[in-house]
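In: What would the 3D arrangement of this be:
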Amino acid sequence: MNNKIGIYYAFWEQEWAADFFQYVEKVSRMGFDVLEINAGAILEMSAGQRKDLSKAARDAGIELTYCIGLPRPYDMASEDSSVRQAGIDYVQRMLRAMYEMGGRTLGGILYGCWPAQPAQPITDKSKWWDLSVSSVREAAKTAGDTGVTLCMEVVNRFEQFLLNTAREGMRFVDQVGSPNVKLLLDAFHMNIEEDSIGAAIQGAQGYIGHFHIGETNRRVPGRGRMPWDEILDALKAARYEGAIVMEPFLRMGGQVGSDIRVWRDLSNQGGEAFMDQEAAFALNFIRSNLNERG
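Out: Numbers count the residues shown, from 1 in each chain. Below is the predicted model:
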């Protein structure tokens, strides 16, 4: 398997705002192929800064991918039409900024806001579902114009309520009906929601545009009990050739720790050197396992 392997910049951060340039250099030195960054942050950059970042990544041999959970003011499943329109506009702006930078993959909770729970008990989520499908279909027009793939992240029930399983995600993608809309599957979330992780991955063949990995408690891959043989065998069987990006979180504190619910220090007060060692361990673990599969 020749999939590119990446890591999310926020592994090292406690706040979502960051200097991405330093992580381009860091992950390149470690041997990663991909750095995933906060898609919303590029809208705060000037056109010149975006150009410089994309050049730095190209020069370092690093592909940039982009991810975001939409803030509530941009909820594309909102019952308020002005909020939905704001979400469509926000995603379209990100797509155009990514186009300037040569970006090709935008993943995350793009169909609603993150985190999100319905305000009342529900037995039918079709109202929000239909609103979201309509919003994503509109945003996807710009995805088509820019050549970017929008990857709807299927997440667990405690973070969002619309798309919790690969099967739900596939139905959503089918209803949007755009070749530029696919799924982002994440092993962490699948461990909570799927009856069989391997079967869910294989069943989503052709729908998967991006893939996230991490242990059941958000440690780096290889430090827990996630069934990696099952996951990687399923990705191979599904003929998935896209990026595999690890998204571990170890540190408490800041907005990142709060949003991800890191309530104990999984780094054992390890400094940056420790974090670098863990990232390097996980890269070697995944690459070795991929190489074993040919």
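In: Give me the distance between the two termini of stretch 222-235.
Out: End-to-end distance for stretch 222-235, by Cα to Cα, to the nearest Å: 17 Å.
In: And for stretch 259-267, what's in contact with it?
Out: 115, 217-219, 249-253, 256, 274-275, 278 (Cβ atoms under 8 Å, 6 or more residues apart in numbering). Every residue, glycine included, has its C-beta placed from N, CA and C.
In: quick one: which two of the residues you listed are the most distant?
Out: Greatest spacing in these, by Cβ to Cβ: P115 and F274 (28.7 Å).
In: ranges for the strands of the stretch 51-200 of the chain?
Out: Shown for the stretch 51-200 of the chain, the strands assigned by DSSP state E, counting those that start in this stretch span residues 63-69, 105-109, 149-153, 181-186.
In: would you turn the ones you listed into TSV with mean neighbour count, mean pLDDT and distance to D265?
Out: Converted to TSV, the strands of the stretch 51-200 of the chain look like this (neighbours: other Cβ atoms under 10 Å; pLDDT from 0 to 100; distance: least, Cβ to Cβ, whole Å):
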stretch	mean neighbour count	mean pLDDT	distance to D265
strand 63-69	23	98	23
strand 105-109	25	98	26
strand 149-153	27	98	26
strand 181-186	26	98	23
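In: Turn the ones you listed into CSV, including distance to Q14.
Out: As requested, the strands of the stretch 51-200 of the chain are arranged in CSV below (distance: least, Cβ to Cβ, whole Å):
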stretch, distance to Q14
strand 63-69, 17
strand 105-109, 19
strand 149-153, 22
strand 181-186, 21
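In: which one of those strands lies closest to L35?
Out: Nearest of the strands of the stretch 51-200 of the chain (Cβ to Cβ): strand 63-69, 5.9 Å.
In: Can you list the strands that the closest one pairs with?
Out: Here strand 63-69 has these sheet partners by DSSP bridges: strand 34-38 (parallel), strand 105-109 (parallel).
In: export those strands to TSV and tack on distance to R171?
Out: As requested, the strands paired with strand 63-69 are exported to TSV (distance: least, Cβ to Cβ, whole Å):
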stretch	distance to R171
strand 34-38	26
strand 105-109	17
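In: Quick one: closest of the strands of the stretch 51-200 of the chain to L283.
Out: Checked against Cβ to Cβ, the stretch from the strands of the stretch 51-200 of the chain lying closest is strand 63-69, at 14.8 Å.
In: which residues touch the closest one?
Out: Against strand 63-69 from outside (Cβ under 8 Å, 6+ apart): 4, 6, 8, 33-40, 42, 53-54, 57, 94, 98, 101-110, 113-115, 153, 159, 184, 210, 243, 245.
In: quick one: which of the contacts of stretch 259-267 sit in helices?
Out: 256, 274-275, 278 (DSSP state H).
In: now those: which count as buried?
Out: 256, 275, 278 (16 or more other Cβ atoms under 10 Å).
In: would you turn the residues you listed into CSV with pLDDT?
Out: Shown next, in CSV, are those (pLDDT from 0 to 100):
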residue, pLDDT
V256, 97
M275, 98
E278, 98
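In: Adding distance to S196, write those residues out as JSON lines.
Out: Shown next, in JSON lines, are those (distance: Cβ to Cβ, whole Å):
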{"residue": "V256", "distance to S196": "31"}
{"residue": "M275", "distance to S196": "33"}
{"residue": "E278", "distance to S196": "29"}
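In: Closest to Q22 out of those residues?
Out: Nearest to Q22 among these, with distances taken as Cβ to Cβ, is M275, at 13.0 Å.
In: how about the spatially closest residue to the closest one that is not a sequence neighbour, what does it touch?
Out: For M275, ignoring the flanking residues on the chain, the nearest one in space by Cβ to Cβ, 6 or more residues apart in numbering is W12 at 5.6 Å. The contact partners of W12, taken as Cβ under 8 Å, 6+ apart, are 23, 26, 272, 275.
In: what's the spacing between W12 and L183?
Out: 27 Å (Cβ to Cβ, to the nearest Å).
In: what's the answer for A280, then?
Out: Taken as Cβ to Cβ, the span from A280 to L183 is 29 Å.
In: Over to P73?
Out: From P73 across to L183, the span is 25 Å (Cβ to Cβ).
In: Give me the buried positions along the helix or strand harbouring A234.
Out: Per DSSP states H and E: A234 is located in helix 228-237. Neighbour counts over helix 228-237 (16+ other Cβ under 10 Å) mark 228, 231-236 as buried.
In: Perfect, I'm done here.
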